[in-house]
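> After the sequence you'll find the predicted model.
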Amino acid sequence: MSTRTTYKPEQFTDSGWDSGTPARKTRFVNALIRFIDQGCPAEKFTKQLYDGLYNHGYFSGFIAHYDRRGFYAEHFSTPDRRREFFAELMRSCRRDAHSGRADLWCDVKTILLDHYSNGAER
């Protein structure tokens, strides 16, 4: 497993929305990395992660279903689904990371892309 990295609010830009404050982005990115690095355990798929991945729309390509459990089943319930999720996540990050658009969470996507491009395990 990778060395635990904790990102800080000063690494993020306010998106202009209540859901995109530097503090919320920090909590989200740290929780998502822990979730992925731990193998996507169901008990760690929180409302915060669900909201960040689907409800707030920062990452395109994810089918929401009607609730967190449905989303988890679709994207994390098997190794193949986890690989597909991660590949889609990285596509979204590569597309938007260097766009300069705070509303698309480009800073979060840059952190994720850099984190996983530097050999962190998933």
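Yep, that arrived. Please read all numbers here as calculations on a predicted model, not as lab measurements.

> Next, the residue nearest to G39 when sequence neighbours are not counted: secondary structure please.
Of all residues not flanking G39 in the chain, R82 sits nearest, at 7.8 Å (CB to CB, 6 or more residues apart in numbering). C-betas here are computed from N, CA, C, even on glycine. Secondary structure, DSSP: H, G, I helix; E, B strand; the rest coil: R82 is helix.

> Can you name the residues that contact R82?
By CB atoms under 8 Å, 6 or more residues apart in numbering, the residues touching R82 are G39, C40, H75, F76.

> where do the strands sit along the protein?
Per DSSP state E, the chain has no strands. Nothing in it meets that criterion.

> now, among the contacts of R82, which is nearest to L104?
H75 (20.1 Å; CB to CB).

> Pull the contacting residues for the residue sitting nearest the centre point of the chain.
By CA atoms, centre = their mean, the chain has its centre lying nearest to L32, at 5.0 Å. Listed by CB under 8 Å, 6+ apart, the contact partners of L32 are L49, G52, L53, L112.

> Counting neighbours, what do you get for the third one?
Translated: L53. Neighbourhood size, L53 [other CB atoms under 10 Å]: 23.
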